[in-house]
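In: I need the structure of the sequence given here:
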Amino acid sequence: MPQVLKDEVRDRILGAALEVFAERGYEGATMIAIAERAGVGTASTYRYFAGKRELFETLVTPELAERFESLLDRRVHALSAALSAGGRGADDLGDQMFRFWVENRLAVVILLDRAAGTAYARFGERFVQRLVASTLAELEASAGRGATGVARKVLTEIFESTRRSLAALLEDHPDERSLREAIEAFWSYQVPGIHGFARWVRGDPRRGRTSKSAPGRSRGR
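Out: Numbering: from 1, shown residues only. Take a look at the predicted model:
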């Protein structure tokens, strides 16, 4: 008699796999760890999925990645344009992005930071590149000149930190309320910094006002 596969068990395996992939990354995840997290035997797990690649591809689909990238492109464009408008605008898109993060929290963690060994291994890198390219394009247009290599390097480091920070916040805040609070706190720090960077790129005279208190400099030296 053929064995009956149960939807409830399959869902438990998928939920466990999502957690393990987010915690350990694809390369660090094992079917044994996934089975233990799901509360089933490893052999039973293989009855539902051929291996961890099939599990991963069931959880992180091209449609999910494409939707994230589409939302990101729209959000980045709106935020970059807002640099020229004193930070106004982009709120609606920001809420759409947040809803996507809430609904796909651990999958986003994986895409941003834990996808090595999969087809999405460079997703986090592309995330940073999108942020850098769109922001620099807007700044260069408003400044009327190209950004320097130093500006590009600094902005890349800023958004690389953004990628890691978002992944960490999403991983550490499973409920919507605390996640929203964490994201708002993060952007309260990040956004003014981006505006300061924009002034620096444009050659705004105000850009040098904080140089005396720059990190690493102490008085009297």
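
In: biggest helix in this protein, by residue count?
Out: The residue-count maximum for a helix in the chain (DSSP state H) belongs to helix 176-202.

In: buried set for it?
Out: By 16 or more other CB atoms under 10 Å, the buried positions in helix 176-202 come out as 179, 182-183, 190, 194, 197-202. Every C-beta, even on glycine, is put in place using the N, C-alpha and C of the backbone.

In: farthest-separated two in these?
Out: Based on CB to CB, the longest span within those runs between L179 and R202 and measures 33.7 Å.

In: circling back to that earlier point, and the longest helix of the chain, how far out from the chain's middle?
Out: 14 Å (CA atoms, centre = their mean, to the nearest Å).

In: Which strands or helices does that helix pack on?
Out: Under the contact definition 3 or more CB pairs under 8 Å, 6 or more residues apart in numbering; DSSP states H and E, helix 176-202 sits against helix 91-103, helix 123-143, helix 149-172.

In: so what are the domain limits for the protein?
Out: As given by automatic domain parsing, the domain ranges for the chain are 7-58, 61-205.

In: Show me the shaky parts of this structure.
Out: 1-4, 79-93, 204-221 (pLDDT under 70).

In: and if we set it to 90?
Out: Within the chain, the ranges that satisfy pLDDT under 90 run 1-5, 72-96, 131, 133-151, 187-221.

In: Disregarding flanking residues, what is the spatial nearest neighbour of W101?
Out: V108 (5.6 Å; CB to CB, 6 or more residues apart in numbering).

In: State the helix or strand in which that neighbour lies.
Out: helix 105-113 (DSSP states H and E).

In: Which elements pack onto that helix?
Out: Against helix 105-113 (3+ CB pairs under 8 Å, 6+ apart) you get helix 7-28, helix 62-82, helix 123-143, helix 149-172.
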